[in-house]
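[1] Got a predicted structure here, sequence first:
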Amino acid sequence: MSTRTSIAFSLPLVPVKRRHRSSVVPAKGGGKAKVRTFTDAATASEEAAVALAARVAMGGRPPTSAEVHVVLVHRCDSGRWPDLDNVLKAVKDGCNRIVFDDDRQVVRVVMERRRVPKGGAGIDVRMSWEVEA
């Protein structure tokens with residue numbers, strides 16, 4: 001028998017434009033060159049805020065290895081509307097190894113954007129998964 005487990009959290013987060021820079025690192029001794037990706041400070045800060053909220057919502061539970069469903073609401077109070085998939089990416093990256101082992105476990109996503117009065121911007125997140133009893 002299994003039971004449905006869920007967490008929810010909200011953040012007054014205004015998603016930033018995701019900027020990942022890549023650079024090639026020359027190989028030593030004639031081997032293959034490697035590509036390393038670096039995350040800019042604004043994106044890292046955004047992911048850290050999501051991670052903190054997720055950690056609190058998990059209440060000390062370990063990450064799940066089950067398939068995860070995500071409901072995401074982006075509350076937007078300005079004319080600047082970042083792509084919803086970028087908002088989702090920040091949430092998934094921030095929850096990696098906190099809510100789930102790997103973001104590939106997310107199998108269902110429901111997203112929407114709501115216009116809100118000035119000062120009400122942010123995100124509301126709910127994640128759920130089945131737990132074997």
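    Good, I have the coordinates. Please read these numbers as outputs of a predicted model, since none were measured by experiment. Residues are numbered from 1 along each chain as shown.
[2] buried set for stretch 100-110?
    100, 103, 105-106 (16 or more other C-beta atoms under 10 Å). From N, CA and C alone the C-beta is placed, and that goes for glycine too.
[3] now do the same end-to-end measure for that stretch.
    End-to-end distance of stretch 100-110 (C-alpha to C-alpha, to the nearest Å): 18 Å.
[4] now swap in stretch 29-40 and tell me
    Looking at stretch 29-40, the gap from its leading to its trailing residue is 30 Å under the measure C-alpha to C-alpha.
[5] re earlier: what is the nearest of the buried residues of stretch 100-110 to residue 58?
    residue 100 (10.2 Å; C-beta to C-beta).
[6] Need the residue closest to the centroid of the chain.
    Residue closest to the average C-alpha location in the chain (C-alpha atoms, centre = their mean): residue 91, at 1.5 Å.
[7] Show me where this protein dips below the pLDDT cut-off.
    14-24, 30 (pLDDT under 70).
[8] which residues of this structure fall in strands?
    Under the criterion DSSP state E, the chain contains strands at 2-11, 20-25, 34-39, 68-76, 106-115, 122-132.
[9] For the longest helix along the chain, which helices and strands make contact with it?
    Among the elements of type helix in the chain, defined by DSSP state H, the one spanning the most residues is helix 41-58. For helix 41-58, the contact count by 3 or more C-beta pairs under 8 Å, 6 or more residues apart in numbering; DSSP states H and E identifies strand 2-11, helix 84-95 as packing neighbours.
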